[in-house]
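In: coordinates for the following, if possible.
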Amino acid sequence: ETRANPSKGDSIKVEENFVKSKDGSKTDDEVVSREEEAISLDGLNVAQIKELREKSEKFAFQAEVNRMMKLIINSLYKNKEIFLREIISNASDALDKIRFMSVTDASVLETAPDLNIKIKADKDQKLLRITDTGIGMTKQDLVKNLGTIAKSGTSEFLKRLSDSKSSSELSDLIGQFGVGFYSSFLVADRVTVVSKHNDDDQYVWESDANSFSVIKDP
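Out: Here you go, the predicted structure:
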């Protein structure tokens, strides 16, 4: 299992359901089975993960985020692999930020001096984990950065997103405006981000693309 460094960084888990009925519905047995598979990787049993999700703080996505995700998913469904480039790019940015901070404050790297990005695929569980030892995010960062997009330039971005005529143009746009994280929903039913910033505890952000939740990692 690849989890977030206990002192800093992000661990992103992309979970896809490859066995769906034709109408996209899932039976209770399928849901329980998939939860048990995911839970076994996290070292938590079904009851523990259920309790964790029930206690988590629930949030609604900003309206612009919902619109943007629909545009990305509907326009890039034939180029799903783009999500990996975007997630790795984000991880690289996180490493750059902690490296830059260490120039004036070497202590920020004391707990995890080895800056790296790791990718682990579990074909049996249909899971992909991308882990970095970058700057990480606080609880407030998770809510703000993954639940909203900056107001400045939002209308322009959404208009250009709607007007884009090719997948390559759309791909460039989401990278340019820093919203590539949401492309992970091209391949995932559920996305989990485990993050630890030096100034806060470790938190778990989780979403099914309809809403998201945040809770302190037990």
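In: for the chain, just list every one of the helices.
Out: If you assign secondary structure with DSSP state H, the helices in the chain sit at 28-42, 46-55, 63-75, 82-104, 139-147, 154-163, 167-176.
In: now render those helices as JSON lines, adding distance to D124, mean pLDDT and mean neighbour count.
Out: C-beta coordinates here come from the backbone N, C-alpha and C atoms, glycine included. Rendered in JSON lines, the data for those read as follows (distance: least, CB to CB, whole Å; pLDDT from 0 to 100; neighbours: other CB atoms under 10 Å):
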{"stretch": "helix 28-42", "distance to D124": "8", "mean pLDDT": "50", "mean neighbour count": "14"}
{"stretch": "helix 46-55", "distance to D124": "18", "mean pLDDT": "84", "mean neighbour count": "13"}
{"stretch": "helix 63-75", "distance to D124": "26", "mean pLDDT": "85", "mean neighbour count": "16"}
{"stretch": "helix 82-104", "distance to D124": "19", "mean pLDDT": "94", "mean neighbour count": "16"}
{"stretch": "helix 139-147", "distance to D124": "28", "mean pLDDT": "93", "mean neighbour count": "18"}
{"stretch": "helix 154-163", "distance to D124": "36", "mean pLDDT": "77", "mean neighbour count": "14"}
{"stretch": "helix 167-176", "distance to D124": "30", "mean pLDDT": "78", "mean neighbour count": "16"}
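In: gap between the closest residue to L161 other than its chain neighbours and T138?
Out: Once flanking residues are discounted, L161 sits nearest to L71: 5.0 Å by CB to CB, 6 or more residues apart in numbering. As defined by CB to CB, to the nearest Å, L71 lies at a distance of 29 Å from T138.
In: go on, A91?
Out: From A91 over to T138 (counting by CB to CB), the distance is 17 Å.
In: show me how far stretch 55-62 is from its chain's centre.
Out: Between the mean C-alpha location of stretch 55-62 and the chain-wide mean there is a distance of 15 Å, by CA atoms, centre = their mean, to the nearest Å.
In: swap that for stretch 169-179, sorry
Out: 17 Å.
In: repeat for stretch 191-209
Out: 9 Å.
In: what mean pLDDT does that stretch have?
Out: Per-residue pLDDT values across stretch 191-209 average out to 94.
In: now it: buried residues?
Out: Buried residues in stretch 191-209, counting neighbours by 16 or more other CB atoms under 10 Å, are found at 191-198, 200, 202-207, 209.
In: touching, the residue nearest to L161 and K159? I think so.
Out: No: with contacts counted by CB atoms under 8 Å, L71 stays clear of K159, the gap being 10.7 Å.
In: next, give phi and psi for the closest residue to F157 other than its chain neighbours.
Out: Of all residues beyond its chain neighbours, the one nearest F157 is F177 (4.9 Å), with distances taken as CB to CB, 6+ apart. According to degrees, to the nearest 10, the main-chain angles of F177 amount to phi -90, psi 0.
In: F177: how many residues sit nearby?
Out: When neighbours are defined as other CB atoms under 10 Å, F177 has 18 of them.
In: do the same with D114
Out: Counted with other CB under 10 Å, residues neighbouring D114 total 7.
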